[in-house]
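# dropping the sequence and predicted coords here.
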Amino acid sequence: MAPPPEVESKHAPPLVECPNCDHMLPQGMGEVECEICGAVCRVTHEPTMEALKGESVQCPHCSTVVIAGTEKRPVELTCSLCSGIFVITKKTVKVEIGCPGCQSRLRIRPRPGKRELRCPSCSNSFNVTF
Ligand SMILES: [Zn+2]
Ligand SMILES: [Zn+2]
Ligand SMILES: [Zn+2]
């Protein structure tokens, strides 16, 4: 059987920093483990939880609006009208970084730690740390 179609969530918890080492924590809520120093931090964000629970998405099978009803992502839902199954996936958070060489804006997925980016317009390489 084909995997159920996916719908990307419109809401994501804000990016937070590890209180222990100031690097970015992996995106998520609840108990989140810092990938840099291993500290386990509790991340809660009430407005995001509410938004995720009440999020309405269109069933990809019949276009009926379905309410998620849970803050879990990814989550499998069954459409009440057509009984079609689909998955609401986590929203992909992207941040904008300005290239120090040419001022063009790069949109990237932040990941904890240091990494090298290459600017597509001027081929300049530079390091970013989250
Ligand atoms: Zn840390
Ligand atoms: Zn449906
Ligand atoms: Zn550049």
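Noted; the coordinates are in hand. Ligands and ions are numbered 1, 2, ... in the order given.
# how much space is there between residue 77 and residue 63?
Using Cβ to Cβ, to the nearest Å, we find residue 77 at a distance of 14 Å from residue 63. Any C-beta I mention is one placed from the backbone N, CA and C, and that applies to glycine too.
# number of residues surrounding the residue nearest to residue 74 when sequence neighbours are not counted?
Excluding the flanking residues, the one nearest residue 74 by Cβ to Cβ, 6 or more residues apart in numbering is residue 89, at 4.7 Å. Residue 89 has 13 neighbouring residues, counting by other Cβ atoms under 10 Å.
# list the contacts of residue 89.
Contact analysis of residue 89 by Cβ atoms under 8 Å, 6 or more residues apart in numbering lists 6-9, 73-74.
# one more time with 10 Å, if that's ok
Residue 89 makes contacts with 6-9, 73-75, as judged by Cβ atoms under 10 Å, 6 or more residues apart in numbering.
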